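>>> Pasted the sequence and its predicted model underneath.
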Amino acid sequence: DAGITQSPRHKVTETGTPVTLRCHQTENHRYMYWYRQDPGHGLRLIHYSYGVKDTDKGEVSDGYSVSRSKTEDFLLTLESATSSQTSVYFCAISESRLAGVISYEQYFGPGTRLTVT
Amino acid sequence: AQTVTQSQPEMSVQEAETVTLSCTYDTSESDYYLFWYKQPPSRQMILVIRQEAYKQQNATENRFSVNFQKAAKSFSLKISDSQLGDAAMYFCAYRSARSGNTGKLIFGQGTTLQVKP
């Protein structure tokens, strides 16, 4: 399995509070992604990063911000959590280069269940 | 914009039997990748199989195979000799292969597969 961890794994917070989710990889993959999973919607892309300090918006980015100060870490922040942000959040990584071979497989972290009350 | 549709929210199969999960997609691109991911109750996203659009041959991984119909934009997953461990939610996903693409995946809504003993 690709070395991806997410923290925390579970979190309950109140409406209006800030929340930061962390994704950490040990694989030196270039791309990192944040998705949210909701019933009936599958996984939807929130933000992604294509390098240190290089990020861009995904399909459902409103209310979220991200930062990537190191290759291995990608943070997702909810500045003021709302009940509509109750979801399961997945981090993913892709694009590895080994011995000149580029692999574009996307690997997922274990997910974080966030509940906003 | 590309879309992926899984029209079967739930499916069931008898152990040792064969089941086919459906997926259709919409794109104007000619070069892309398609994937099936499995999500068991543990929530971990597991890559089951991938198909490159430029390949006419259908991908196969042990008991899992696909029926890729490019003209019809259809990508179904066949599971043979179903096992209890196959019970999970299955997601179909699309990724563009265009140069400069960031590797982000577009997911279908998911199909929950129940395997009956």
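Nice, thanks for sending it over. Keep in mind it's a predicted model, so treat the numbers as computed, not measured.

>>> Please identify which helix or strand holds the residue nearest the centre of chain A.
Taking Cα atoms, centre = their mean as the criterion, A:W34 is the residue nearest the geometric centre of chain A, at 2.7 Å. Using DSSP states H and E, A:W34 maps to strand A:31-38.

>>> in its sheet, what does the lowest-mean-pLDDT helix or strand in chain A sit against?
Among the helices and strands of chain A, strand A:101-108 carries the lowest confidence by mean pLDDT, DSSP states H and E, at a mean of 79. Take DSSP bridges as the rule and strand A:101-108 pairs in its sheet with strand A:87-98 (antiparallel).

>>> could you give the angle of the partner strand to strand A:31-38?
Calculated by axes from the mean of the first three to the mean of the last three Cα atoms, to 10 degrees, strand A:87-98 forms an angle of 150 degrees with strand A:31-38.

>>> Would you mind measuring the gap between the ends of stretch A:19-33?
End-to-end span of stretch A:19-33 (Cα to Cα, to the nearest Å): 17 Å.

>>> Actually, stretch B:105-115.
27 Å.

>>> Show me which residues of it are buried.
B:L105, B:I106, B:F107, B:G108, B:Q109, B:G110, B:T111, B:L113, B:V115 (16 or more other Cβ atoms under 10 Å in any protein chain shown). Heads up, the C-betas are built off the backbone N, CA and C, glycines and all.

>>> Stretch B:26-35 too?
Using 16+ other Cβ under 10 Å as the test for burial, stretch B:26-35 gives B:T27, B:Y32, B:Y33, B:L34, B:F35.

>>> Ignoring the adjacent residues along the chain, who's closest to residue 21?
Assuming you mean chain A. Spatial nearest neighbour of A:L21, excluding adjacent residues (Cβ to Cβ, 6 or more residues apart in numbering or on different chains): A:L76 at 4.5 Å.

>>> actually it's chain B I care about, not the one you picked
B:L77 is the one closest to B:L21 (Cβ to Cβ, 6+ apart), at 4.5 Å.

>>> Am I right that that neighbour is in contact with B:T60?
No. At 11.0 Å, B:L77 does not count as touching B:T60 under the criterion of Cβ atoms under 8 Å.

>>> And the two? Which one has more around it.
B:L77 (25 against 12; other Cβ atoms under 10 Å in any protein chain shown).

>>> The more buried one bridge partners, please.
Residues in beta-bridge contact with B:L77 (DSSP bridges): B:L21, B:V66.

>>> ok, A:R9 - how many residues close by?
A:R9 - counted by other Cβ under 10 Å - has 13 other residues nearby.

>>> same question, the one 4 residues further on
Here the count is done by other Cβ under 10 Å, and A:T13 has 16 residues near it.
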